[in-house]
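Undergrad: Sequence and computational prediction follow.
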Amino acid sequence: MTDQAFGRPAPAAGGIGFFEKWLSVWVALCIAAGIILGNLMPGVFGLLAGLEYASVNLVVAVLIWAMVFPMMVNVDFGSLSHVGDRPKGLVLTIVVNWLVKPFTMAALGVLFFEYLFAPLIEPADAQQYIAGLILLGAAPCTAMVFVWSQMTRGDPNYTLVQVSVNDIIMIFAFAPLVALLLGVTDIVVPWETLLLAVALYVVIPLVAGAITRKRLLDRAGGGPRAHDAVSLFTARLKPLSVVGLLATVVLLFGFQGSVITGNPLLIVLIAVPLLIQSYGIFFIAYLAARVWKVPFDVAAPCALIGTSNFFELAVAVAISLFGLNSGAALATVVGVLVEVPVMLSLVAFANRTQHWFPKA
């Protein structure tokens, strides 16, 4: 689910692509398809679930790689040389993404599923949904944020710096942070599986993306046209990313078909803390940027990065840790359904309030 805008800084006047604009619709259709197919063909989904090695489902691993790899090609670690330029926005991004968001998401999960929704959900299932929310909260966005930044006329170079820094931090902080928060909620953490998932879905794709990007730039001989070559390459991979995302959604809801059919209210229950978290995190970052007098072209992307999630990673790790038919995997996919309409509403709000901020 990448876009040509991800390859290099995009024109500020650009907008969201057709697929991204209607992402929640495609996801909703795939949810319906998955539930129907899961009830009609349980044997097929059982066979797919058995294709595992070292707690990693091979089918899902291929689909997740199809989603993740194109966005990793777009990460430019050369942008890290500008990490000291206008540090306020970067400080806010790091604090919100790594010191606020994961902990508030865990707290909301516990509040809703262990207390407010306790009469409606079995305790064991509640722990699974909390785990899925924690995985979403600990995985800041690395792809769609370029679209949100573009829609608010954000500084594309600064957004690239923020994403690159987040990716570096994610390599080292994601697994310990998830383990800490899962431990706090009394969920047993299989460390080997967690580290394997991080290596498979963050480290290896990131390295592969960096190597691919370097080769593309070298072949193009450097200069602005070289970045166009990267954009063209990722644009060609975009259909693969789309198929990977939608096929994963069908699989996950196929495994959850009987559970959801028996309790359709479940999707709404999972969405409630996600909605509160999304709007809450945005306003924490956005208002902090206003108080700190951060320019709008940095403040808006900064707040949107914290709000959006790297749900591809969250889905993959949930499947690796808890299984395809787990409540944790279901919660991460509901995050996909919720995210796009929420983000579009926040983009609209940011654009209407840009006069709150100083100009760059």
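TA: Perfect, I can see it now. Because the structure is a prediction, the values reported are computed rather than measured.

Undergrad: Flag the shaky bits of the stretch 251-360 of the chain, pLDDT-wise.
TA: 360 (pLDDT under 70).

Undergrad: Go again with 90.
TA: Applying pLDDT under 90 to the stretch 251-360 of the chain picks out residues 251-265, 267, 305-306, 308-327, 329-330, 332-341, 343-344, 358-360.

Undergrad: same thing with the stretch 101-250 of the chain?
TA: Residue ranges of the stretch 101-250 of the chain with pLDDT under 90: 122, 124, 139-168, 170-171, 183-207, 209-210, 213-250.

Undergrad: all helices for it, in order.
TA: With DSSP state H, counting those that start in this stretch as the criterion, the stretch 101-250 of the chain has helices at 101-110, 123-137, 145-151, 156-184, 191-198, 204-220, 224-255.

Undergrad: Need the CA coordinates for the second one. CSV is fine.
TA: The C-alpha trace of helix 123-137 is given here as CSV (Å, rounded to 0.1, in the frame of the first residue of the first chain):
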residue,chain,number,x,y,z
PRO,A,123,-11.2,-13.1,30.3
ALA,A,124,-8.9,-15.1,28.0
ASP,A,125,-10.3,-13.4,24.9
ALA,A,126,-9.9,-10.0,26.6
GLN,A,127,-6.2,-10.6,27.1
GLN,A,128,-5.8,-11.4,23.4
TYR,A,129,-7.5,-8.2,22.3
ILE,A,130,-5.3,-6.2,24.7
ALA,A,131,-2.2,-7.8,23.2
GLY,A,132,-3.4,-6.8,19.7
LEU,A,133,-3.9,-3.2,20.8
ILE,A,134,-0.4,-3.2,22.4
LEU,A,135,1.2,-4.4,19.1
LEU,A,136,-0.6,-1.6,17.2
GLY,A,137,0.4,1.0,19.8
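
Undergrad: 58 is where my numbering starts, stick with that
TA: Noted, 58 is the first residue going forward, which turns the last one into helix 180-194.

Undergrad: For that helix, list every residue counted as buried.
TA: Residues of helix 180-194 classed as buried: 182-194 (neighbour count, 16 or more other C-beta atoms under 10 Å). Bear in mind the C-beta positions are built from the backbone N, C-alpha and C, glycine included.

Undergrad: wait, which of these is closest to Val299?
TA: Nearest to Val299 out of the buried residues of helix 180-194 is Leu193 (C-beta to C-beta; 20.7 Å).

Undergrad: Could you pull up the residues touching the residue nearest the centre of the chain?
TA: Central residue of the chain (C-alpha atoms, centre = their mean): Phe367, 1.6 Å from the mean position. Taking C-beta atoms under 8 Å, 6 or more residues apart in numbering as the contact definition, Phe367 lies against Ala196, Pro197, Cys198, Thr199, Ala200, Met227.

Undergrad: related to what we said a few turns ago, using TSV, please lay out the buried residues of helix 180-194 together with distance to Leu378.
TA: Converted to TSV, the buried residues of helix 180-194 look like this (distance: C-beta to C-beta, whole Å):
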residue	distance to Leu378
Asp182	16
Ala183	16
Gln184	12
Gln185	10
Tyr186	14
Ile187	13
Ala188	7
Gly189	10
Leu190	14
Ile191	11
Leu192	8
Leu193	13
Gly194	15
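
Undergrad: Now flag whichever of the residues you listed is closest to Asn320.
TA: Using C-beta to C-beta, Asp182 is the member of these that sits closest to Asn320, with 9.4 Å.

Undergrad: tally of neighbours for the residue lying closest to the closest one once chain neighbours are set aside?
TA: Leaving aside its sequence neighbours, Asp182 sits nearest to Gly384 (C-beta to C-beta, 6 or more residues apart in numbering; 5.2 Å). Neighbourhood size, Gly384 [other C-beta atoms under 10 Å]: 26.

Undergrad: From Asp285, how far out is the spatially most distant residue from the centre of the chain?
TA: Distance to the chain centre peaks in the chain at Gly278, reaching 32.9 Å (criterion: C-alpha atoms, centre = their mean). Distance from Gly278 to Asp285, counting by C-beta to C-beta, to the nearest Å: 12 Å.

Undergrad: One more: Ala175?
TA: In terms of C-beta to C-beta, Ala175 sits 54 Å off from Asp285.

Undergrad: Between the two, point out the one with more neighbours.
TA: Asp285 (15 against 12).

Undergrad: Quick one: classify Lys416 as helix, strand or coil.
TA: Recorded secondary structure, Lys416: coil (DSSP: H, G, I helix; E, B strand; the rest coil).

Undergrad: now swap in Leu381 and tell me
TA: Classified using three-state DSSP, Leu381 is coil.

Undergrad: name the element the nearest residue to Gln313 once chain neighbours are set aside belongs to?
TA: Of all residues not flanking Gln313 in the chain, Leu387 sits nearest, at 5.1 Å (C-beta to C-beta, 6+ apart). Here Leu387, judged by DSSP states H and E, is contained in helix 384-409.
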